Structure formats: C-alpha cells, structure tokens
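> Predicted model and sequence follow; I will ask about them next.
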Amino acid sequence: MAIDSSLIHDLPAITVRRTSVSAMSNNVYLLTSKKSGAQVLIDAADDAAAIRELLGSAGADTPCPLTLRSVLTTHQHWDHIRALAQISGPDIETWAGVEDAGPIEEETGVQLTGRLAHGDVVRYDGVALDVIHLRGHTPGSLAFVYPVEDGPTHIFTGDSLFPGGVGKTQSAQDFTSLLDDVTERLFEVYDDDTIIHPGHGDPTTLGAERPQLAQWRERGW
C-alpha cells in the first residue's frame with residue numbers, strides 16, 4: 001500500500017501519517033518521532049494489514065528502528081476499535097478515556113493499559129500529546145493535541161469535531177455538552193491555524209470552522 005504524500009504532515013520533530021480504512025472511511029493516524037523512532041497510533045479502526053503497512057511506511061523518517069509504543073483510542077464506537085486486538089501486544093500500551101475504557105475492553109477483549117482524563121499528557125520518546133475530554137459523542141470521547149513550536153497545533157478529534165459541525169449525539173443535552181466542550185476547550189484555547197484531524201474525512205482548521213459555531217448551536221446538530 002503506497003501512502004499518499006498528501007496524507008503526510010512533515011513536522012520538525014515528528015511525522016503524521018494518515019490512512020483511511022473500512023467502508024466507513026475511518027481515519028487511522030500515526031505519529032512517528034524522527035529522533036527515536038517511537039510511534040503512537042491513534043484509533044486502530046480496522047484492517048490490521050493496512051495499519052501494519054502504515055507503521056512500516058514511516059521508516060524513511062528516522063535512522064532509528066521503528067517501535068510502536070502506544071495505541072490511543074478516541075472513543076468507544078465499534079468502527080474505531082475493530083483492529084485494536086490485532087495491533088496491540090505485550091510491549092504496546094493501550095489507552096482510552098475513563099468513561100469509554102470499560103466498553104472498549106468488553107468489545108475487543110483487550111485489557112487496556114490505563115484510562116486517560118482531561119488534562120493528562122501522554123509521552124513517548126519525542127511524542128507528547130495533551131489529552132482533552134470532549135463530552136457528548138460518547139461519555140469518554142477524547143481529543144489528542146500535538147503542539148508545534150513555531151507552527152500550527154495539530155488536534156486529533158475523533159468523532160467530536162468535523163468540518164461543518166460536531167459529531168453525532170443522541171440527545172439535545174448531549175449536543176449542548178459536546179458543543180460547549182468543543183467551544184470552551186478547543187476554539188477558546190487554540191489559534192485559528194490549528195489543524196483538526198477528524199475521525200473521518202479530510203482535515204480542517206479552527207479558523208475555517210469558527211464562523212459557524214453560532215449556526216451549529218442554532219440548528220442543534
């Protein structure tokens with residue numbers, strides 16, 4: 001599988017690679033440290049073979065051996081966890097949000113390394129991500145933030161924020177919760193050039209989406 005160069009972000013310390021898997025076009029993201037070869041995968045959604053090819057495709061980025069250190073899951077929905085059992089292993093940490101971890105373990109049979117809460121930071125030899133809890137799409141949905149010195153921040157939002165709106169919710173209360181969190185924890189904190197990497201589809205920026213916030217709230221989805 002050739003990785004489309006348009007799906008690669010070459011940042012000073014890491015590369016970010018993306019591939020899309022399954023009929024639902026789930027995005028799988030791979031962050032690779034150029035210095036250490038440490039790799040962090042976000043959402044082992046489906047198609048373990050394609051994910052392994054993605055892992056190997058980062059070899060040109062670093063002279064160090066590549067090592068998958070962790071799989072981070074943005075939320076519990078089945079289409080984002082179907083390859084977790086095949087990709088995880090004894091030397092690979094697996095993390096998810098506090099409220100979603102139990103359902104993920106039950107669905108996949110994977111005993112997660114631990115639970116992540118709002119304000120946590122995960123670090124692996126040159127890859128550091130801030131954890132943002134976004135309540136509404138699922139109770140424990142997370143976004144992972146990679147700040148870049150002298151460049152745009154990158155945020156991996158799962159199904160909580162897309163181009164054109166927030167993720168699907170089951171009630172008006174859940175929608176309000178999600179839009180409030182996205183507003184207060186993303187739009188009010190990060191700059192317009194911040195790049196949003198959603199769980200499906202192409203990236204966007206906070207600046208492109210910010211003018212629509214009032215419209216989203218008015219329409220209720």
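The structure has been received and is ready for your questions.

> just checking, D193 is part of a strand?
No: secondary structure of D193 (DSSP: H, G, I helix; E, B strand; the rest coil): coil, not part of a strand.

> neighbours around it, how many?
As a burial measure, D193 scores 12 neighbours (other Cβ atoms under 10 Å). For the C-beta atoms, the positions are set from N, CA and C on the backbone; glycine is no exception.

> likewise the one 4 residues further on?
Counted with other Cβ under 10 Å, residues neighbouring H197 total 23.

> Which residue ranges of this protein form helices?
Counting by DSSP state H, one finds helices in the chain at the ranges 48-57, 84-87, 98-108, 172-182, 206-209, 213-219.

> Can you lay out these as TSV showing mean pLDDT, distance to Q39 and mean neighbour count?
Putting the helices of the chain into TSV (pLDDT from 0 to 100; distance: least, Cβ to Cβ, whole Å; neighbours: other Cβ atoms under 10 Å) gives the following:
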stretch	mean pLDDT	distance to Q39	mean neighbour count
helix 48-57	95	6	17
helix 84-87	98	11	19
helix 98-108	98	20	18
helix 172-182	98	28	18
helix 206-209	98	26	18
helix 213-219	97	34	12
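
> Now that we have those, can you turn them into TSV and tack on distance to I155?
Below are these laid out as TSV (distance: least, Cβ to Cβ, whole Å):
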stretch	distance to I155
helix 48-57	20
helix 84-87	22
helix 98-108	18
helix 172-182	10
helix 206-209	8
helix 213-219	16
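
> nearest to D120, of those helices?
helix 98-108 (9.7 Å; Cβ to Cβ).

> Residues touching that closest one, excluding its own?
The contact list for helix 98-108 (Cβ atoms under 8 Å, 6 or more residues apart in numbering) reads 73, 75-76, 78, 81, 84-85, 96, 110-112, 115-117, 138-141.

> which of these are buried?
When the contacts of helix 98-108 are checked for burial by 16 or more other Cβ atoms under 10 Å, the buried set is 73, 75-76, 81, 84, 96, 110, 112, 116, 138-141.
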